[in-house]
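> Okay, sequence plus prediction incoming.
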Amino acid sequence: MIGDMIYDTSLDNKICIIIGASHAGVNLAFYLRKEGWIGEVILLESSEIAPYHRPPLSKKYFSPDAAEEIQLLKPITAYEENNINLLLGKKVVSVNSEDRYVTLVNGTKYHYDFLVFSIGASPIVPPIKGITEHRRVYSLRNYEHAFNIKKAINNIKTKSVVVIGGGYIGLEVAASIRSLGKSVTILEKETHILKRVASAETAAFFHDLHERGGINVLTKKTVKAIEHKETLSQVLCTDGSCYDANIIILGVGVKVENDLPMQANLDFDDGIIVDNQMRTNNQNIFAIGDCTYHYNSYYNRDLRLESVQNAIEQAKTAAKAICNKTCSYNILPWFWSDQFQTKLQIVGLSKGYNNIIVRKSHSDKLRMSIWYFRDDELLAVDAINDPKAYVIATKLLKERTPINKDSLSNNSKKLHMDTVTEVIR
């Protein structure tokens, strides 16, 4: 017995190696101890920087009053107190799943009994001429990226910034940089921003928000090349337009690197395929966080999620499974985005919707909610400066409660559980 928990003695002297000290990886290490794991825990991280919170990097890090320091996920002393071997600056270059060991770039080998991939995802660099040929072009995924961008922005010569991509990361970065007084232009190739993840109504709200904030938001702009000159770069689009930039930031999405998973002979789709215990097709290898392609029972389909909530929940599940405890991953996804003084809270996944209901506030034009339906089934809600709508929507989605759409669409009625679920007469 360890505390009040029954411990499986067959796990004595076992080694669990975690590749990647992300939100998922760090939480897994600590959850293993919480679940009673007394074997060795080795957390390998390629960066030299201690594990930190990543969401603020695109939301607040570039703001004028933002602290220079990053917020650590755990104090360094916590790893020592929990006997977690955090090894920084250790890049894994190969995995031998047959003999169960990983090899670092310096040739060092670490043997494992259980291996967990927590490798996250990497920024996509589109095949645009000149995009990787100059120091003025930046991706944003980690602290090193953010630090270099902030350093460049603080250069007195930096006047103009171009953000390629009108997704949430691009919008968040643009809003933060605009608060520093820089000229910012967003170039989005689709007909409207956020096209892949939100309705035209949500996109229109944020388009207008950014325009009023002084950002030039341009859609149907496909970048074909970047030409670098002595003092600035020029972003060239297929329609003949051209935009000057001292800094260019890429925000066109991410992908999961598959080199290590392929070496381990793991099944792979949009990410590493796992079951509801986060186990791969190899019984001794798990995967958690942004890199996983998994089944979601709320939407009855396989998908990949990029969120802290998903990373933490999958870490909990994997820890239980590794410790031979009953578990099953099942969450309702939620996300958030901060842009200027506006907070967007999203619950659920809107993919597959065929109709929406928009609720607007009579007293506050910056407060509204967009309810996504597939026929009469509620799929997701975008709550803009409307925490009440977010809370109610979360409850409705979790309980799969039938909704009176006529009542919901009546903006003269206050939003309340009773009104949106009342029986139609």
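Structure received.
> Contact partners for the closest residue to His207 other than its chain neighbours?
Leaving out its chain neighbours, the residue that sits closest to His207 by Cβ to Cβ, 6 or more residues apart in numbering is Val217, at 5.3 Å. For every residue, glycine as well, the C-beta is placed using N, CA and C. Taking Cβ atoms under 8 Å, 6 or more residues apart in numbering as the definition of contact, the neighbours of Val217 are 166, 185-186, 188, 193, 207, 210-211.
> Show me which of those are buried.
Among these, the ones that count as buried by 16 or more other Cβ atoms under 10 Å are 166, 185-186, 188, 193, 207, 210.
> List the contacts of the residue nearest the centre of the chain.
A centroid search over the chain (Cα atoms, centre = their mean) returns Glu306, at 3.3 Å, as the residue closest to the centre. By Cβ under 8 Å, 6+ apart, the contact list for Glu306 reads 121, 254, 290.
> secondary structure class for it?
Following DSSP: H, G, I helix; E, B strand; the rest coil, the label given to Glu306 is coil.
> any idea how far it lies from Lys255?
Using Cβ to Cβ, to the nearest Å, we find Glu306 at a distance of 11 Å from Lys255.
> Please enumerate the shared neighbours of these two.
A shared contact of Glu306 and Lys255, defined by Cβ under 8 Å, 6+ apart, is any residue touching both; here these are Ala121.
> so the residue nearest to His207 sits in a strand?
Yes. Following the definition three-state DSSP, Val217 is counted among the residues of a strand.
> Just the ones of the contacts of Val217 in strands?
Applying DSSP state E to the contacts of Val217, the entries found in strands are 185-186.
> Could you export the buried ones among the contacts of Val217 as a markdown table, including distance to Ile285 and pLDDT?
Output for those, formatted as a markdown table (distance: Cβ to Cβ, whole Å; pLDDT from 0 to 100):
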| residue | distance to Ile285 | pLDDT |
| --- | --- | --- |
| Gly166 | 37 | 96 |
| Thr185 | 44 | 98 |
| Ile186 | 40 | 98 |
| Glu188 | 38 | 98 |
| Ile193 | 38 | 97 |
| His207 | 44 | 98 |
| His210 | 43 | 98 |
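> mind listing which of those residues are in helices?
Using DSSP state H to define helices, the subset of these located there is 207, 210.
> quick one: the helices in the stretch 1-150 of the chain?
With DSSP state H, counting those that start in this stretch as the criterion, the stretch 1-150 of the chain has helices at 23-34, 56-59, 76-81, 143-153.
> Need the contact partners of the second one.
What that stands for is helix 56-59. Under the contact criterion Cβ under 8 Å, 6+ apart, helix 56-59 has outside partners 66, 70-71, 140, 142-143, 145-146, 169, 172-173, 176, 337-338.
> can you do 7 Å?
The contact list for helix 56-59, computed with Cβ atoms under 7 Å, 6 or more residues apart in numbering, reads 71, 140, 143, 146, 169, 172-173, 176, 338.
> Contact partners for Ile273?
Neighbour list for Ile273: 267, 280, 293 [criterion: Cβ under 7 Å, 6+ apart].
> any idea of the pLDDT on the first one?
Per-residue confidence (pLDDT) for Asp267: 98.
> The last one now?
At Tyr293, the pLDDT value in this model is 98.
> next one: Gly3
Reported pLDDT at Gly3 in the predicted model: 35.
> if I read this right, Ala311 contacts Ala24, doesn't it?
Yes. Between Ala311 and Ala24 there is a contact under Cβ atoms under 7 Å: 3.7 Å.
> list the residues that contact both of these two?
In the contact map built from Cβ under 7 Å, 6+ apart, the residues linked to both Ala311 and Ala24 are 288-289.
> More neighbours: which of these two?
When Ala311 and Ala24 are compared for neighbours, Ala24 comes out ahead with 30 against 26, by other Cβ atoms under 10 Å.
> how close does that one sit to Glu80?
Plainly put, Ala24 is 21 Å away from Glu80 if you go by Cβ to Cβ.
> likewise Thr202?
In this structure, Thr202 and Glu80 are 45 Å apart, going by Cβ to Cβ.
> okay, those two: which has more neighbours?
With neighbours defined as other Cβ under 10 Å, Thr202 and Glu80 compare such that Thr202 has more, 24 against 11.
> So what does Glu98 look like in phi/psi?
Dihedral pair for Glu98: phi -80, psi -50, per degrees, to the nearest 10.
> The host helix or strand of Asn310: how far from the chain's middle?
If you go by DSSP states H and E, Asn310 is part of helix 308-322. Using Cα atoms, centre = their mean, to the nearest Å, the mean C-alpha position of helix 308-322 is found 15 Å from that of the whole chain.
> just the strands in the stretch 201-350 of the chain please.
Shown for the stretch 201-350 of the chain, the strands assigned by DSSP state E, counting those that start in this stretch span residues 216-218, 223-228, 233-237, 242-245, 247-250, 254-255, 272-273, 285-287, 292-296, 301-303, 334-339, 342-348.
> and of the ones you listed, who's closest to Lys14?
Taking Cβ to Cβ as the criterion, strand 285-287 is the member of the strands of the stretch 201-350 of the chain that comes nearest to Lys14, at 13.5 Å.
> I'd like to know which elements the closest one is packed against.
The criterion is 3 or more Cβ pairs under 7 Å, 6 or more residues apart in numbering; DSSP states H and E, and the helices and strands that strand 285-287 contacts are strand 114-117.
> if we look at the strand it packs on, which residues are touching it?
Under the contact criterion Cβ under 7 Å, 6+ apart, strand 114-117 has outside partners 14, 16-19, 28, 102, 261, 272, 284-288, 291, 318, 322.
> partner strands of it, parallel or antiparallel?
Paired with strand 114-117 in the same sheet, following DSSP bridges, are strand 15-19 (parallel), strand 285-287 (parallel).
> Dig out what Lys360 forms beta bridges with.
Met368.
> Many thanks, I have nothing further to ask.
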